[in-house]
Each structure stands twice: as structure tokens, then as C-alpha cells.
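test case, fold it:
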Amino acid sequence: MRIGALIVGAALAGLVGGCDTLGLSSSSGDDVSLKSRYGSGEPIPKSKAGAAIEALIGQEISPELDDEDRQAIYEAQFRALEFNRSGSPVAWKNPSSGNRGEVIPGPTYTINNSRCRDYSHTIFVDDAPKVFRGTACRQPNETWRSVS
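Numbering: from 1, shown residues only. This is a model prediction of the structure:
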């Protein structure tokens, strides 16, 4: 089932293309339905979460992230955009790697009949913070697409 995949901070350093799906879609076109998988507790396929994160984070930090980090990043980004109030953070931590992060969604607003949100995603690798900011809009297929 193909649906737009998410992921992590949008427009994160080096957002590829201006319209990649956030939490949502990868540069390779692989799609992931976070809503159906997240709701059921079924994990997101590592390859899809990894591809989507790569598109948003870029090479600068991704070699330092393992599959569990990518899974946690992916889920936190979606939860923050989909469910949290403005300013209410979603934290994630991978006990295996020690990497952690936090996504803070901004207020919801409308662009061209789509629900959109700005966000900030801070990722700590070896306790060194990297901050990514972006804007994502919810798509009709219930995914989030990066627009900045």
C-alpha cells in the first residue's frame, strides 16, 4: 500500500526538492502510511523510515543514526505534527545508541485548504545538538508533506 511517507523534521538541513512528504515521503518515492501503522503499533519498515529521514536530514547527520534512531525520529515527527498542541514537545530516545531528540510543533494554519504546521526538530548525537526547522502540510492521504 503506497501512501506518502513522513519523516522527520522537514526542511531539515537540506530538504530535497521542496515537496517531499514529511513523516511521509522519501526522495525515492517510497511511501509509508504512518496513520495505519502507528495506530496499530506496527513498526514502520526501516528502509522506508530511513529513506524518508535521509531526504529530510541529509548526509550531515544520518551516518551517525542507526535504524532504531530513524524509527524513533519518524514516529516522533508524525506524533508531533498530527496530535500535539502548538509548543508541546514530543521527545524520543534510543537507549541503545544514546541518541535523542525532540520535535516541537507550531500552530496549525491553512494553506490552499491544507492543514499546515511549522516545527522544530532537535537531534542530539553524542550530546551535540543539531536543530532542523521546517513546514509540513497534511495531505488528503493523511500524510504530511514538507513544503519548506
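
can you map out the strands along this protein?
21-22, 90-93, 100-111, 114-125, 128-138, 144-146 (DSSP state E).

name the stretch among the ones you listed that sits most buried.
strand 21-22 (a mean of 32; mean count of other Cβ atoms under 10 Å). Bear in mind the C-beta positions are built from the backbone N, C-alpha and C, glycine included.

in a markdown table, list the strands of the chain along with mean pLDDT.
Formatted as a markdown table, the strands of the chain follow (pLDDT from 0 to 100):
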| stretch | mean pLDDT |
| --- | --- |
| strand 21-22 | 46 |
| strand 90-93 | 97 |
| strand 100-111 | 96 |
| strand 114-125 | 94 |
| strand 128-138 | 90 |
| strand 144-146 | 78 |
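
how near is residue 67 to residue 81?
Note on residue 67: its distance to residue 81, by Cβ to Cβ, to the nearest Å, is 22 Å.

point out where the protein drops to low pLDDT.
For the chain, the stretches with pLDDT under 70 are 1-61.

so where do the helices sit in it?
All helices of the chain, identified by DSSP state H, fall at 34-40, 46-57, 67-83.

CA atoms only for the longest one, dumped as CSV, please.
What follows is helix 67-83, C-alpha atoms only, in CSV (Å, rounded to 0.1, in the frame of the first residue of the first chain):
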residue,chain,number,x,y,z
ASP,A,67,17.7,2.1,12.4
GLU,A,68,16.3,2.5,15.9
ASP,A,69,17.1,6.2,15.8
ARG,A,70,15.4,6.5,12.5
GLN,A,71,12.3,4.7,13.7
ALA,A,72,12.1,6.9,16.8
ILE,A,73,12.6,10.1,14.8
TYR,A,74,10.0,9.1,12.3
GLU,A,75,7.4,8.3,14.9
ALA,A,76,8.1,11.4,17.0
GLN,A,77,7.8,13.7,13.9
PHE,A,78,4.4,12.2,13.0
ARG,A,79,3.0,12.3,16.5
ALA,A,80,4.1,16.0,16.9
LEU,A,81,2.5,17.1,13.7
GLU,A,82,-0.6,15.0,13.9
PHE,A,83,-1.6,15.0,17.6
